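Participant: Sharing a sequence plus its predicted fold:
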Protein chains: 2
Amino acid sequence: MTTRIPAKHRAMRKAPKQLRSQSTVEGIVEAGARVLAQRGWAKFTTNEVARVAGASIGSLYQYFPNKLAIAEAIRQRHLSQLLAVLPDPGKQGKALSLNRHVDQLIDGVVAAHSINQKLHRILLDEVPLAARSFDTDFEREYLHRYEILTRVALDDGARNLMAARILADAVEGIVHAAASREELGSSAVRIEVKRMVSAYLLALQRA
Amino acid sequence: MTTRIPAKHRAMRKAPKQLRSQSTVEGIVEAGARVLAQRGWAKFTTNEVARVAGASIGSLYQYFPNKLAIAEAIRQRHLSQLLAVLPDPGKQGKALSLNRHVDQLIDGVVAAHSINQKLHRILLDEVPLAARSFDTDFEREYLHRYEILTRVALDDGARNLMAARILADAVEGIVHAAASREELGSSAVRIEVKRMVSAYLLALQRA
DNA sequence: TCAAGATGTGAGCTGATGCTCATATTATGG
DNA sequence: CCATAATATGAGCATCAGCTCACATCTTGA
């Protein structure tokens, strides 16, 4: 017995069935990303998104129940682009040294945050969170990348997760701050981040 | 030759001269903080602020040129409250060990972020930044707290500042993430943060 | 005491924007 | 070929919040 959710509240009112409508929806998300990056959430208007997408406002609301749903579609697209840039732990051999692992991960995180940096900041800082459905999946995947590192230094599963979270949050903090100072290119920042991550992992091992 | 800035664009249109108007202004900022924490930036309306403050909307606009100026006044008040909670480096003897210093600073940072946590998050995440005039002063002061630590491990002034920024950004990242998970009370988080800061400082010393 | 300045008031103007709906156009499948 | 479903359109409705302004009230200082 599945509860019926009225179209007005679903992420998408109608599923686009024909090719025509599928490209309309893609165009709206694509245009939305551009408008959002350019104007920011406060000046992100559905009418402009439709205009830029070359669609009518009516078409837009045929597939998205409201403004926020568009932003959420944009966020999903962006987050999966991020994950694609991060080194995949499954594909790496276990043969790498800890320092090599740290190097790769941090380089990946910096590269990921260099993708459409402005959009990234706006998605994080300005767009209200709301439905965490996808974010949860994303965060799990993201954390997993760090657990690869902590597992090398630690056995305990629970402490492992905690350490991974600490690392992830610390690195995010540094990288976001660096980005807002437009210092993401700086190799000095990268070096210090790696130093910090390595030092922490070493300290964990000793404790 | 000072440039004349029209009242419409100044932080405050009119300076409140009498006691009566001074308490009106304070009441507006106080009420504004409550409304902002409760409703969030998107639903932060000047009319409600005035109503809650027990003042008229006209009075509000007599002293604040626009909605954002109120938010900025709230931010200033909040940031200076934060600084007041952080241990003052000037007042501490230099006699404390490095670990003691780390303990005190991290405890202070956690305590600072426990003050009106919801307002804090909204001020950081939702309210558009705009005029960085005060924030710059705040950040300088804030960074200074970390430089106390890095100076112990390092001599080089430039690398010192860089290291302080790295530490500050990392700790902020962890603390904000913990706060949004409502884990700011957790002593485990505090322990790990301290471990990370200490480990990084040690690594700096050795390099 | 009383002008002049400081302060307080709130109805309502103004502009903006999310979203609907009646209608038109295009595609599909039998 | 045509009935039905899918898709597209955009004028305009409904709402809402920032802010103004003409006027009232209070305080100050001479």
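Facilitator: That came in fine, so what should we check first?
Participant: residue ranges with poor pLDDT in chain A?
Facilitator: Scanning chain A for pLDDT under 70 picks out A:1-6, A:92-95, A:130-134.
Participant: Can you name the residues of it sitting close to DNA strand D?
Facilitator: Within chain A, the positions adjacent to DNA strand D are A:14-18, A:20-21, A:24, A:47, A:55-59, A:61-62 by Cβ under 7 Å from any atom of the strand. Bear in mind the C-beta positions are built from the backbone N, C-alpha and C, glycine included.
Participant: Buried subset of those, written for PyMOL?
Facilitator: To isolate the buried ones among these in PyMOL, judged by 16 or more other Cβ atoms under 10 Å in any protein chain shown, type:
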select buried, chain A and resi 21+24+55+59+62
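Participant: Widest-spaced pair of the residues of chain A next to DNA strand D?
Facilitator: Using Cβ to Cβ, the pair of these lying farthest apart is A:Lys17 and A:Asn47, separated by 25.7 Å.
Participant: In chain A, which residue sits nearest DNA strand D?
Facilitator: When scored by Cβ to the nearest atom of the strand, chain A has A:Gly58 as its residue closest to DNA strand D, at 1.9 Å.
Participant: isn't A:Val110 right up against A:His176?
Facilitator: No. Using Cβ atoms under 8 Å, A:Val110 is not in contact with A:His176, being 11.4 Å away.
Participant: Grab the nearest non-local neighbour of A:Glu192.
Facilitator: Spatial nearest neighbour of A:Glu192, excluding adjacent residues (Cβ to Cβ, 6 or more residues apart in numbering or on different chains): B:Ile166 at 4.7 Å.
Participant: Just list what the helix or strand where that neighbour lies packs against, helices and strands only.
Facilitator: Assessed by DSSP states H and E, B:Ile166 sits inside helix B:157-180. With contacts taken as 3 or more Cβ pairs under 8 Å, 6 or more residues apart in numbering or on different chains; DSSP states H and E, helix B:157-180 sits against helix A:157-180, helix A:187-206, helix B:98-114, helix B:117-125, helix B:133-153, helix B:187-206.
Participant: Return the most buried member of these.
Facilitator: Of those, the one with the most neighbours on average (mean count of other Cβ atoms under 10 Å in any protein chain shown) is helix A:157-180, at a mean of 21.
Participant: ok, back up a step: how much does the helix holding B:Ile166 deviate in direction from helix B:133-153?
Facilitator: Angle of helix B:157-180 versus helix B:133-153, following axes from the mean of the first three to the mean of the last three Cα atoms, to 10 degrees, is 110 degrees.
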